[in-house]
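S.K.: Have a look; sequence and predicted model below, questions after that.
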Amino acid sequence: MNDRTNQPKSAARRATRAGIFSFNFIALLFILACFVPPLVAVPLRIYIVTDLEGASGVYKFAQTREPGHPLGEKAKEYLMGDIAAVVRGLRSANVFDIVVIDGHGSQAFIPHLMEPGARYITGKPRPGPLTGLDDSFTGLIQLGAHAMMGTPDGVLCHTQSSRSENRYWYNGIESGELAQCAPIAGHYGIPTIMVTGDEATCREATKFFGPDCVAVAVKRGISREAAELYPFDETHQALYEGARRAVAAIPKCKPYKLSLPIQAKKEYLVFDSPSGKGRRISKEGTIEDVLKLMNF
Ligand SMILES: [Zn+2]
């Protein structure tokens, strides 16, 4: 008797439970469909271009432009520490395809200090300034960057050549190395998502790329060869966290583009004798192809 009266009830309960289960299951699938595919279906690819002048602990030219100088070898170690912090941050934000390219003129990578989980490109000659960059990448990071020539509080500031004091204008806007790399990535639709360097470099990054580009300062310039250095434990933590924020900011960052043809102007010093002060030369022209920006 009890069995008979209970049977339909428990069947109904089972059916209700099954209904709730399938509803929850469908809701879960819906949530996964809404939020997970962007992370799973399109793996993030990040391209990092490095320079030496903007690394933690670097503040004088003896560290960056005198080949074989013991201070230079140490400075390269500092750079590798900054790179490692950013690579670790990216990997913790589920970026597993990372290319790091050595953008310092005389090259600055120390192979045995490479953080695992990224591919590292160094040496010369190479076909272009950002070898291998194409539209399959999701974001550009400029790491160890420096402010443009003439920035009063820019540690080791220069644009391309610190000795001949080059300066460049594109469509009337003076541009340093930050705004020379970014439009090459912009050509492929890739935004600059993060910049690291001194406080002046961060200010320059925000001016050109907007507040959504994550800027991490590792020192504060006092003059071209004097700085307040931030302790490495602190800069590495800030770089790690900055990389995680930069990945989250990708949807908000816009590629930096220059309208073509680019009206270009360059100023630089020519030295008639090694000890001379140098003559200032000015050159103007038109650049049709943004990929040839650095050839001007
Ligand atoms: Zn540079």
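M.R.: All right, it came through fine. Numbers count the residues shown, from 1 in each chain.
S.K.: So which residues on the chain come close to the ion?
M.R.: 51, 177 (CB under 5 Å from the ion). Placement of C-beta: from N, CA and C, glycine included.
S.K.: Okay, strands next: where are they in the chain?
M.R.: 45-50, 97-102, 119-121, 139-143, 167-170, 173-175, 192-198, 214-223, 226-229, 262-270, 279-287 (DSSP state E).
S.K.: Return the nearest residue of the stretch 151-296 of the chain with respect to the ion.
M.R.: residue 177 (4.9 Å; CB to the ion).
S.K.: hang on, the earlier thing: I'd like to know which of the strands of the chain is closest to residue 254.
M.R.: Proximity to residue 254 (CB to CB) singles out strand 192-198 among the strands of the chain, at 9.3 Å.
S.K.: need the contact list for residue 133.
M.R.: Counting by CB atoms under 8 Å, 6 or more residues apart in numbering, residue 133 touches 47, 140, 184, 185, 188, 190.
S.K.: can you redo the strands of the chain as CSV with mean pLDDT and mean neighbour count?
M.R.: Formatted as CSV, the strands of the chain follow (pLDDT from 0 to 100; neighbours: other CB atoms under 10 Å):
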stretch, mean pLDDT, mean neighbour count
strand 45-50, 98, 24
strand 97-102, 98, 20
strand 119-121, 98, 15
strand 139-143, 98, 27
strand 167-170, 98, 20
strand 173-175, 98, 16
strand 192-198, 98, 30
strand 214-223, 98, 21
strand 226-229, 98, 15
strand 262-270, 97, 16
strand 279-287, 97, 11
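S.K.: Put together TSV for those strands, with distance to residue 68 on each row.
M.R.: Shown next, in TSV, are those (distance: least, CB to CB, whole Å):
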stretch	distance to residue 68
strand 45-50	20
strand 97-102	17
strand 119-121	21
strand 139-143	24
strand 167-170	29
strand 173-175	32
strand 192-198	25
strand 214-223	24
strand 226-229	24
strand 262-270	26
strand 279-287	31
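S.K.: what number of residues lie near residue 90?
M.R.: The local packing of residue 90 (other CB atoms under 10 Å) involves 27 other residues.
S.K.: And it, how far from residue 231?
M.R.: Counting by CB to CB, to the nearest Å, the gap from residue 90 to residue 231 is 22 Å.
S.K.: Going along the chain, name the helices of the chain.
M.R.: 2-35, 37-40, 70-92, 178-187, 199-209, 232-249 (DSSP state H).
S.K.: can you tell me which residues contact the residue in the stretch 1-150 of the chain that the ion sits nearest to?
M.R.: Across the stretch 1-150 of the chain, the shortest distance to the ion (CB to the ion) belongs to residue 51, at 4.3 Å. Residue 51 sits next to 103, 104, 142, 143, 144, 145, 146, 177 when contact means CB under 8 Å, 6+ apart.
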